[in-house]
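Visitor: take a look and give me a structure for this.
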Amino acid sequence: MSEIPAVSREWHLVRRPQGWPVAEDFALREVPVSAEPAPGRILVRNLHMSVDPYMRGRMNDVKSYIPPFQLDQPMDGGAVGEVVASADERFAVGDHVLHGLGWREYAELDAKHATKVDGALAPLSTYLGVLGMPGLTAYAGLFEVASFKEGDAVFVSGAAGAVGGLVGQFAKIKGASRVIGSAGSDEKVTLLTEKYGFDAAFNYKNGPVGEQLRESAPEGIDVYFDNVGGDHLEAAISSLNVNGRATLCGAIAHYNDTEAAPGPRNLMQVIGKRLRLQGILVNDHAGLQPQFVQDVAGWLRSGELRYDETVVEGVENATSAFLGMLRGENTGKMIVSFTG
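Guide: Sure, this is the predicted structure:
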């Protein structure tokens with residue numbers, strides 16, 4: 001264990017973005033570190049932190065399901081680290097924990113908000129990805145929200161991202177008749193079909209999404225997992241079969257819009273086809289956690305499930321990693337590591 005420094009670096013939001021965030025919206029600042037946490041609290045040296053699409057919404061000062069980031073205060077998000085000082089009997093120095101105070105090198109927090117994780121069972125970074133919030137989102141969104149059943153044809157947008165790649169593989173493992181994915185590069189399309197086992201995939205930049213989806217799923221789809229919104233959602237509504245279901249997880253195509261985006265032009269089809277479109281917030285599905293961990297850990301051990309991480313080194317590069325994730329530069333989960 002390294003010596004505890006006198007100061008730690010952490011990222012603050014200093015200006016609310018207008019449209020796409022830029023470097024000037026953030027500041028990396030030094031803050032004091034106390035080596036003696038108060039009773040019931042622990043000090044954690046962060047090893048890995050997560051950057052996720054939902055964080056863009058928290059940069060806006062609007063009412064939502066999660067409070068916005070405050071100006072001139074540290075941002076937060078998922079992180080995994082090592083306990084370096086403890087004033088709580090549940091945690092010992094050297095324990096590895098998952099917690100919610102990312103975007104900083106050292107985090108001092110109430111011990112009740114930390115969860116022990118075992119690096120011997122899986123790499124620590126996976127608790128931010130395939131075994132973490134993105135994995136549970138994919139699992140709950142497919143099996144509980146979309147009511148997936150064996151034989152369903154499934155379309156996933158943003159399929160090379162942290163959630164989408166898992167959705168498609170979960171569907172294949174559980175007997176989907178066909179899995180189709182969209183991604184933003186030819187390299188990612190190849191990844192989906194050759195590594196993740198999708199039956200078909202297309203680059204949405206190569207032509208209209210609706211046309212490419214119809215070519216990939218000529219008999220239609222039964223389930224759509226939406227990470228993108230916009231033209232992808234409209235195309236999926238057109239391709240969904242009667243009694244089809246859509247899980248609305250994200251709309252990254254619109255996160256940086258400065259004006260309200262138009263809705264799908266074909267919503268009337270929802271009525272005639274008796275479609276179900278339902279949003280997902282992963283915190284609503286915490287009860288699935290034990291089954292999720294059991295299933296996914298087993299699929300990882302058997303080799304049925306594959307995953308990727310895009311790792312950026314250094315806290316000083318965290319905002320660059322976040323912006324890169326919004327631009328789709330990641331394959332799989334985008335992780336910022338402080339292990340160097």
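
Visitor: was I right to think Asn243 contacts Lys273?
Guide: Yes: with contact defined as CB atoms under 8 Å, Asn243 counts as touching Lys273 (7.3 Å). The way it works is simple: take the backbone N, C-alpha and C, and place the C-beta from them, glycine included.

Visitor: neighbour count winner among the two?
Guide: Neighbour totals were compared for Asn243 and Lys273, and Lys273 leads with 16 against 11 (other CB atoms under 10 Å).

Visitor: low-confidence ranges in the stretch 151-300 of the chain?
Guide: Within the stretch 151-300 of the chain, the segments meeting pLDDT under 70 span 253-258, 260.

Visitor: now the helices for it?
Guide: Ranges of helices within the stretch 151-300 of the chain are 164-173, 186-194, 209-216, 230-239, 268-272, 289-302, based on DSSP state H, counting those that start in this stretch.

Visitor: to Ala87, which of these lies closest?
Guide: Between Ala87 and these, the shortest gap by CB to CB is with helix 289-302, which sits at 27.4 Å.

Visitor: ok, and what's touching that closest one?
Guide: By CB atoms under 8 Å, 6 or more residues apart in numbering, the residues outside helix 289-302 that reach it are Leu121, Ala122, Val130, Leu131, Gly135, Leu136, Tyr139, Ala140, Gln169, Ile173, Leu305, Tyr307.

Visitor: the fourth one: which element?
Guide: Of the helices and strands defined by DSSP states H and E, none includes Leu131.

Visitor: so who does the spatially closest residue to it that is not a sequence neighbour touch?
Guide: With CB to CB, 6 or more residues apart in numbering as the criterion, Leu131 has its nearest non-adjacent residue at 5.8 Å, and that residue is Ala122. Applying CB under 8 Å, 6+ apart to Ala122 gives the contacts Leu131, Ala297, Leu300.

Visitor: burial measure for the last one, as a count.
Guide: This means Leu300. By other CB under 10 Å, 17 other residues sit near Leu300.

Visitor: need the winner for burial among the helices of the stretch 151-300 of the chain.
Guide: Among those, helix 164-173 has the highest mean neighbour count (mean count of other CB atoms under 10 Å), at a mean of 26.

Visitor: which helices and strands sit right next to it?
Guide: Contact analysis of helix 164-173 by 3 or more CB pairs under 8 Å, 6 or more residues apart in numbering; DSSP states H and E lists helix 133-140, strand 153-156, strand 178-183, strand 221-226 as its packing neighbours.

Visitor: redo that, cut-off 10 Å
Guide: Helices and strands touching helix 164-173, as assessed by 3 or more CB pairs under 10 Å, 6 or more residues apart in numbering; DSSP states H and E, comprise helix 133-140, strand 153-156, strand 178-183, helix 186-194, strand 221-226, helix 289-302.

Visitor: and these: which comes nearest Val312?
Guide: helix 133-140 (16.6 Å).

Visitor: so how far is Val282 from the residue sitting nearest the centre point of the chain?
Guide: Nearest to the mean C-alpha position of the chain, by CA atoms, centre = their mean, lies Pro134 at 4.2 Å. Separation of Pro134 from Val282 (CB to CB, to the nearest Å) stands at 9 Å.

Visitor: list residues touching both of the two?
Guide: Val163, Cys249 (CB atoms under 10 Å, 6 or more residues apart in numbering).

Visitor: my guess is Gly184 contacts Arg327. True?
Guide: Yes: using CB atoms under 10 Å, Gly184 is in contact with Arg327, at 9.0 Å.

Visitor: ok, the two, which is more surrounded?
Guide: Neighbour count, other CB under 10 Å: between Gly184 and Arg327, Gly184 has more, with 18 against 12.

Visitor: dump the residue contacts of that one.
Guide: By CB under 10 Å, 6+ apart, the residues touching Gly184 are Gly158, Ala159, Ala160, Gly161, Asn203, Tyr204, Lys205, Val228, Arg327, Gly328, Glu329.

Visitor: cool, thanks, signing off.
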